[in-house]
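Peer 1: Just a sequence and a predicted model for now, questions to come.
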Amino acid sequence: MGESAISRQAMATWLSWPSVLGEFHAEPLAGVGTGPERFEAPPCQPTAQPPDLASIFRRTVDDLVSPYSSVALSISGGLDSAAVLVHLHEICASKGIELHLITAELTGDDGETNIHHIDRLLKGVGLDQPVHRIEAHPEDNGKQYFWSPRGPRLDSSAAVNDAMVDTAMGLGAQAVFTGAGSDELTGVVRYMLNSFLAQRRVDLFRAYWRDTISVSKQAGLMESLAVLARALPRRWRAIAFYAVTEDPPIDLTAPSLVGASLRPHVAEWSRTWMNQRLRFQAASHKSWSAMEAWESLDPVCPPIISDDPIPFLHPFMNREFVTAVMQTDLSKRYGIHHPNAYWRQKSIVLDLIGKQYWDYLPREKQIFSNWMREDEVKNRQTAPHLVDLGVVDAAALAETDDTMLLHRVAELEAWTAVAVDRGYDFVD
């Protein structure tokens, strides 16, 4: 199959339940494209000498920014982009690199905009410069900067991405930094209770209990099952992990909206995907907590983009930093010394930011339910290109109410429309 041909079977795998629920892109659709490649996450295997995560992260940001004289940061007001800001600001100042700040303005369920949190952070960092705002739901400008033959970008809508590019290029920026990938890489995982008991850390045990089991009976049941699973043979331990801990359990059949002729391929792809994961988990990890850490991360998928006209850079998805975090004991992700559950579960990121800035950080994660509901309405469509190609069944799509599946269909339809306009061939 040439680089100008797109496989309908490959397109259909992007609608598989593993790909949709795992929020990763499946098989590349055409050519090799440009920009960062996805890669398999390394196993979660702590080393005797813990890596210096702050130094590695600093070096990662330094290496990424050094080729440029002007860059932008996509800043959200949350902890992840704050970590990038602290290091990027200091490095840019020392090297004479111009730094611009851009955000999509959103109003959280708490009634506050993310601009409020951004302003507090900038005050703490000592940055007195404008934050350039783009709309949360900008009109599609039709430029499709981010179209790549490998497939659609999954982290945001094409309109938001293009608005970010337009703004960055208008400011003279040559690259855009993001905090993408941090939650999957650095967040506290489930099933840590047994580990804290084994370490005889009563303080960690109590705090973790308070943040999990005391607020969810389901969490208590799952932690108990994780302890019992240690007695199982390794393959059965891995099988039990996927059977019990995925909510909902991963469906290895094809979603009903996939075109009938392509459903067998999607089901076979899904089964192969699961068997490969079972083999890896059984060979690499003894505990459900380690399995969870790897499962949350793998595959590491920097958003698919073209680096024309401007590259996006993701320090949290740098291979060296990813490996270093996976070589760090999982208990380090949970910071008992922090005053609230949000910070305790983001301890690695707080350490990257630095204690001198903690007073200026949000103490709760902002939730944007209204924005997501508006986005869901926008994603309800007929997907004419996918239907014409037999990738999607029109009647089943009309009956679908799964939000994540609707998002994926919308992303794939927008990508396919551009592929058609550019003269790509579609083959089985």
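Peer 2: Okay, I see it.
Peer 1: Could you check how far the lengthiest strand in the chain is from the centre of its chain?
Peer 2: Across the chain, the longest stretch assigned as strand under DSSP state E is strand 98-104. Put simply, strand 98-104 sits 21 Å off its chain's centre (CA atoms, centre = their mean, to the nearest Å).
Peer 1: repeat for stretch 190-209
Peer 2: The chain centre lies 27 Å from the centre of stretch 190-209; the measure is CA atoms, centre = their mean.
Peer 1: quick one: buried residues of that stretch?
Peer 2: Neighbour counts over stretch 190-209 (16 or more other CB atoms under 10 Å) mark Arg190, Tyr191, Met192, Leu193, Asn194, Ser195, Phe196, Leu204, Phe205, Ala207, Tyr208, Trp209 as buried. Just so you know, the C-beta spots here come from the backbone N, C-alpha and C atoms, and that holds for glycine as well.
Peer 1: In contact with Tyr357, which residues?
Peer 2: With contact set as CB atoms under 8 Å, 6 or more residues apart in numbering, Tyr357 has these partners: Ala82, Val86, Leu121, Gly124, Val125.
Peer 1: Okay, and which of these map to helices?
Peer 2: Among those, the members falling in helices (DSSP state H) are Ala82, Val86, Leu121, Gly124, Val125.
Peer 1: Using CSV, please lay out those residues together with distance to Glu223 and neighbour count.
Peer 2: Compiled in CSV, those are given as follows (distance: CB to CB, whole Å; neighbours: other CB atoms under 10 Å):
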residue, distance to Glu223, neighbour count
Ala82, 31, 26
Val86, 34, 21
Leu121, 35, 23
Gly124, 36, 17
Val125, 38, 18
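Peer 1: Columns distance to Leu313 and pLDDT on top of these, output as CSV?
Peer 2: Output for these, formatted as CSV (distance: CB to CB, whole Å; pLDDT from 0 to 100):
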residue, distance to Leu313, pLDDT
Ala82, 16, 96
Val86, 16, 97
Leu121, 20, 92
Gly124, 23, 91
Val125, 19, 91
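Peer 1: gap between the residue nearest to the spatial centre of the chain and Ser256?
Peer 2: The centroid of the chain falls nearest to Gly181 when counting by CA atoms, centre = their mean (4.4 Å). For Gly181, the distance to Ser256 (CB to CB, to the nearest Å) stands at 31 Å.
Peer 1: Tell me how far the closest residue to Val427 other than its chain neighbours lies from Ala26.
Peer 2: Leaving aside its chain neighbours, Val427 sits nearest to Ala5 (5.0 Å; criterion: CB to CB, 6 or more residues apart in numbering). Separation of Ala5 from Ala26 (CB to CB): 17 Å.
Peer 1: In terms of neighbours, single out the busier of the two.
Peer 2: Using other CB atoms under 10 Å as the criterion, Ala5 and Ala26 rank with Ala26 on top: 22 against 13.
Peer 1: Surely the more buried one and Ser16 touch.
Peer 2: Yes. With contact defined as CB atoms under 8 Å, Ala26 reaches Ser16; the gap is 6.4 Å.
Peer 1: Are there residues contacting both of those two? Which ones?
Peer 2: Taking CB under 8 Å, 6+ apart as the contact rule, Ala26 and Ser16 both touch Trp269.
Peer 1: Going by secondary structure, the nearest residue to Thr328 once chain neighbours are set aside is in what exactly?
Peer 2: Distances taken as CB to CB, 6+ apart put Pro50 closest to Thr328, at 5.6 Å, once the chain neighbours are dropped. Following DSSP states H and E, there is no helix or strand that holds Pro50.
Peer 1: can you pull out the strands in the stretch 151-300 of the chain?
Peer 2: Along the stretch 151-300 of the chain, counting by DSSP state E, counting those that start in this stretch, strands occupy 176-177.
Peer 1: Residue ranges in it under the pLDDT threshold?
Peer 2: 156-158, 247-249 (pLDDT under 70).
Peer 1: what residues go with each domain of the chain?
Peer 2: 32-186+299-366, 193-254+266-297 (automatic domain parsing).
Peer 1: Find the one among these with the highest mean neighbour count.
Peer 2: Mean neighbour count (mean count of other CB atoms under 10 Å) peaks for domain 32-186+299-366 among the domains of the chain, with a mean of 18.
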